[in-house]
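Engineer: Requesting a structural model of the entry that follows:
(one chain, ligands or ions: 1)
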Amino acid sequence: MKTVFSYAKPYKWPIFIALCLMLLELSVELIQPLLIAKIIDDGILAEDVSVIWTWGSVMMGLAFVAFFSGVINSYFAAHAAQGFAFDLRQALFRQVQAFSMATFLRFPTAGLITRLTSDVTMAQNILFMGMRILLRAPLLVVGSLVMAFIVNVKLALYLVIGAPFLFVFLFIMARKGVGYFATVQHRLDRVNRVIQENLQAVRLIKAYLRGMYEASRFSKVADMLRKDTVKAMRMMELILPILLFVMNVSLMAVLWFGSFEIRNGDAQVGELVAVVNYAMRMTGAFSMFAWIIVAFSRAKASSERMEEVLLASEDLENHNSESSSLQRLEGDLRFENVSFNYQGKAEPILDKVSFHVSPGEKLAIMGATGSGKSTLLNLIPRIFEATEGKIFVDGLEVKEWPLKDLRDTIGLVPQQSILFTGSILENLSWGDTDAAPDELEEAAKKAQIHESIDLFPQKYGTRVGQKGVNLSGGQKQRLSIARALVRKPSILILDDSTSALDVKTENALWDALEEEAATMLVVTQKVQTARGADCILLLDEGKVVGYGTHAELMEQSELYRKIADSQTEEEVIINGENHS
Ligand SMILES: Nc1ncnc2c1ncn2[C@@H]1O[C@H](COP(=O)(O)OP(=O)(O)OP(=O)(O)O)[C@@H](O)[C@H]1O
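Structural biologist: I've put the predicted structure just below:
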C-alpha cells in the first residue's frame, strides 16, 4: 500500500488539517459524557440550576464546534481524496503507456481497466474515510476507555473485559478480508473482460445469432462475482453482531456491578451514566469497524493490484531519452540474422532473417498466414525487441537510436485499421499534431481518400464513430494510410493495409506513393502488388525462403512460382466468368 499511498504526499496539508479537525470533533465527543456527569451530580442531584445552565451552554457551544469541524473536515478530506485519485490514475495511465509490448501483454486489458477505475476508487474511498472515520473509530474506542478510567477506574475495568478477544478477532477478520476481496476484484476483471469482448464483437454476435450464448457466458462470470462477493460480505457481516454482543455483555457488566458500586458509595450516579455513555460510544465506534475492515481489505487488495502495474519497472520504454540533432532518417534498413520468439515460447517466430533495403526503395514481404510478417515489421520501431541478431536503421542499431527519433520517422499502418472517436481531421492530425490543414489534405489525397471525404456533408469535420463504425473497411484503411503519411515518414510500413481496396484505387494509391521519398515495406498477398516493388522477401515459417526481384523469384523460387501461378489462374477464372 506504501507505493499507492505515496501519491497522497502532495496533499499532506489538507490531510493534516482534516485530521486536526477530526481530532477536535473527537475531543468534543469525548468531553460530552463528562459534562453530562457534572450536570447530573452537581446540577440535578444537588438541585443547582445555575450548574445545569452553565454546563448545558458549554455543551451546546461544543456541539457547534463539532458540527463546523465536521463540515470543514469533509471539505478538506474530499479535496485531498479526489486529488489523490486523480494523480494515482494519471500515474497508472502513464505507466501503462510506458509499458513495452511484452509487459503490456502480461496484463489482460480488462484487468488494466479495472485497476484504473474500480481499484483507484477503492483507494480513494479509504483515504477519504481515513480522514473521517477510519482513524476516528479506533481513537474513539481508546479515548472513551481512557475517559471512562478518568471518571471511575472500577467501572471502567468492566469495559475492558472483552477487549483482548475483540482485537484478536478483528485482526483475523482483516487478514481474511484482504484475500477474499482480492478474489472479488479478480472476478470483476473477468466480468469486465466479457463485457469488453462482447461490446467489441457486437456485429459478429448479431450475425452469428450468438446473443443468448454470450448472455449465458456473461451470466456465468457475473454469477461468480456475485458468489464471491456474497462470500466475502457474509464473513464481514459476522463482525458486527459479534462486536455488538461482546460490547453489550460489557455494558451489562458495567450496569450490574455499577449499581453495587453506587450502593457501596464507591461511585456516583453521574459517573455511572458517564461510563455507560462512553460504553455506548465505544459500541458505536466498534460497529464502524465492520465497515472499516471491509473498506480496508478492499483497498489493500486493490493497492496490491495497482502496485503490480506501478512497480512493473523491468521493461519500460524510455520515451524521454535525449533526442539526437538529426531531424530525419535516410531510411536505410538492414536486418542481420534476426531471430525472435514471443515471451514464454520456445520456437522462433522469425529465424535468422537477413535483408537490406536502401533509402527510397520498396520491399514487398510475402508469405503464408502466420509466417511472421507482422512480427518482422513490429521489430523495426521496437514494438518488440529482436531476440537475436541486429537491425540497423541508417547504419545504427535500432537499440542505439533514441526511441523518439526512431518512431518519429516511421509511419506504421497496422493490419487492422484503428481509428479514434472524433473528426476525420482529428484522426489525421493524430499522425502529427503539428501538421497544417493543407498537409493533412495532401496526405489524404495521396491515400486516395480525399474524394470520399469531400462527398461527406461535413467533409473533414465528419465525426468518426467508435472504432470507425460509420466508415467502410476500405475508407478506414485509406484513412490509416493518410494518417501515416502525415508524419512524412522516412520508413513507411504497410501491413497488408490495402486488402479492402479495389484494383483501380489500389493502383492509384501505389502511383501516388511512388512520389514519396520514403523507404517502403509492404506486406501483401498479391503478386501484382509485389511486382511493383524493388525487391521481394518471401517468408515461410519465419525463415527467408526467397529474396529478389519478381523475375529472379520466378526463376529461383518454386513457392513464389506457385503463388504467382495460382493468382494468374484466379484472374483467368474471374475474367473468364466476367466475359461469359
Ligand atoms: N503476441 C503474441 N504472442 C504469441 N504468439 C504470437 C503473438 N502474435 C503472433 N504470434 C504468433 O506468431 C506467428 C506469426 O504471427 P504474425 O502475425 O507475425 O504472422 P503474419 O505472417 O503476419 O500472419 P498474417 O498474414 O495472418 O497476418 C503466428 O504463429 C502467431 O500465432
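Engineer: Show me how far stretch 533-543 is from its chain's centre.
Structural biologist: Relative to its chain's centre, stretch 533-543 lies at 38 Å (Cα atoms, centre = their mean, to the nearest Å).
Engineer: I meant stretch 287-296, not that one.
Structural biologist: When distances are taken as Cα atoms, centre = their mean, stretch 287-296 is centred 26 Å away from the chain's centroid.
Engineer: which other residues reach that stretch?
Structural biologist: Contact with stretch 287-296 is made by 122, 125-126, 129, 133-134, 137-138, 170, 173-174, 177, 181, 233, 236-237, 239-240, 243-244, as judged by Cβ atoms under 8 Å, 6 or more residues apart in numbering. Backbone N, C-alpha and C define where each C-beta goes, glycine included.
Engineer: Repeat that for stretch 531-541.
Structural biologist: Under Cβ under 8 Å, 6+ apart, the answer for stretch 531-541 is 351, 353, 355, 357, 361-368, 371-373, 376, 510, 520, 522, 530, 544-550, 553, 557, 559-560.
Engineer: Can you point out the buried residues in that stretch?
Structural biologist: Buried residues in stretch 531-541, counted by 16 or more other Cβ atoms under 10 Å: Gly532, Ala533, Cys535, Ile536, Leu537, Leu538, Leu539.
Engineer: Over to stretch 441-452?
Structural biologist: Buried, per 16+ other Cβ under 10 Å, within stretch 441-452: Glu441, Glu442, Ala443, Ala444, Lys446, Ala447, Gln448, Ile449, His450, Ser452.
Engineer: ok, and the closest non-adjacent residue to Asp48?
Structural biologist: Nearest in space to Asp48, with sequence neighbours left out and distances taken as Cβ to Cβ, 6 or more residues apart in numbering, is Asp42 at 6.3 Å.
Engineer: circling back to that earlier point, check the buried residues of stretch 441-452 and tell me the two furthest apart.
Structural biologist: Largest separation among the buried residues of stretch 441-452 by Cβ to Cβ: Glu442 and Ser452, giving 15.7 Å.
Engineer: What's the PyMOL line that selects buried ones from the contacts of stretch 531-541?
Structural biologist: Buried members of the contacts of stretch 531-541, defined by 16+ other Cβ under 10 Å, are picked up in PyMOL with:
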select buried, resi 351+353+355+357+361+362+363+364+365+366+367+371+372+373+376+510+520+522+530+544+545+546+547+548+550+553+557+560
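Engineer: The contacts of stretch 531-541 in strands, which ones?
Structural biologist: Members of those lying in strands (criterion: DSSP state E): 351, 353, 355, 357, 362-367, 520, 522, 544-548.
Engineer: just checking: which of those residues also lie near the ligand?
Structural biologist: By Cβ under 6 Å from any ligand atom, the members of the ones in strands among the contacts of stretch 531-541 lying near the ligand are Gly367.
Engineer: Which residue, other than its chain neighbours, is closest to Ser417?
Structural biologist: Spatial nearest neighbour of Ser417, chain neighbours left out: Lys476 (3.8 Å); criterion: Cβ to Cβ, 6+ apart.
Engineer: Can you report phi and psi for that neighbour?
Structural biologist: The phi/psi pair for Lys476 (degrees, to the nearest 10) reads phi -60, psi -40.
Engineer: okay but it is in contact with Phe420, surely?
Structural biologist: No: Lys476 is beyond contact range of Phe420, at 11.6 Å (criterion: Cβ atoms under 8 Å).
Engineer: For those two, indicate the residue with more neighbours.
Structural biologist: Neighbours were counted for Lys476 and for Phe420 using other Cβ atoms under 10 Å; Lys476 has more, 23 against 13.
Engineer: In contact with Lys446, which residues?
Structural biologist: Neighbour list for Lys446: Ala482, Leu485, Leu509, Ala512, Leu513, Glu515, Glu516 [criterion: Cβ under 8 Å, 6+ apart].
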